[in-house]
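Q: 3D, please:
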Amino acid sequence: MLSYRIAIASSDGDTVNLHFGQATNLLIYEIGEEKVDFIEDRKVELVAGEAAHAEANMEIFVDALRDCSAIFVRRIGERSLRYLRERNITAFEVNFSLNHIFNTLLKNRRRGRVRVLRENFQTNKSIKRT
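A: Predicted structure coming up:
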């Protein structure tokens, strides 16, 4: 099976504790068949004076997520959620530890589920919208 990458908005490296627009860096992890590897702490340099959901800043986020299939955040606005979804990046609003996320994703892989599954991480009604 192939591995895939996810991004996590965390200031402490232990919990998902940043809103999408507050993330000045993203922790990038690769989910393999049996393990999770930390890839990098990727800087997100937004255009000063612009809202996080402004077009220019959204493109910066999309570029930062270029090799990721999903991002885990504490909160994300509808506009940003839609923008990412249109670019095939799944956003999850969660209040979990990174360890919980990794264990869930690895358990899914062992069951033959390669994709990040939305139903495993739904914690907010905005994520349920299609």
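Q: can you pull the pLDDT of residue 87?
A: In this prediction, residue 87 carries a pLDDT score of 92.
Q: longest helix in the chain, by number of residues?
A: The helix that spans the most residues within the chain, counting by DSSP state H, is helix 98-110.
Q: list the buried ones in it?
A: Going by neighbour count (16 or more other CB atoms under 10 Å), the buried part of helix 98-110 is 98, 101-102, 104-106, 108-109. Any C-beta I mention is one placed from the backbone N, CA and C, and that applies to glycine too.
Q: out of those, who's nearest residue 80?
A: Nearest to residue 80, judged by CB to CB, of those is residue 101 at 19.7 Å.
Q: residue contacts, that closest one?
A: Residue 101 makes contact with 6, 8, 16, 72, 94, 121 under the criterion CB atoms under 8 Å, 6 or more residues apart in numbering.
Q: what segments of this protein are strands?
A: In order along the chain, the chain carries the following strands (DSSP state E): 4-8, 25-31, 36-43, 70-73, 90-93.
Q: pick the most deeply packed of those strands.
A: Mean neighbour counts were compared across these using mean count of other CB atoms under 10 Å; the top stretch is strand 70-73, at a mean of 24.
Q: mean confidence score for that one?
A: For strand 70-73, mean pLDDT is 96.
Q: okay, now the sheet partners of that strand, with direction.
A: Here the strand partners of strand 70-73, with direction, are listed using DSSP bridges: strand 4-8 (parallel), strand 90-93 (parallel).
Q: which among these is found nearest to residue 67?
A: strand 4-8 (5.3 Å).
Q: before we move on, back to that, which of the contacts of residue 101 sits closest to residue 47?
A: Residue 47 has its nearest neighbour among these in residue 8, at 22.9 Å by CB to CB.
Q: the closest one contacts residue 31, doesn't it?
A: No: between residue 8 and residue 31 no contact is recorded; they are 11.4 Å apart, counting by CB atoms under 8 Å.
Q: what's opposite the residue nearest to the spatial centre of the chain in the beta bridge?
A: Against the mean C-alpha coordinate of the chain, by CA atoms, centre = their mean, the closest residue is residue 71 at 0.8 Å. On the basis of DSSP bridges, residue 71 takes part in beta bridges with residue 7, residue 91.
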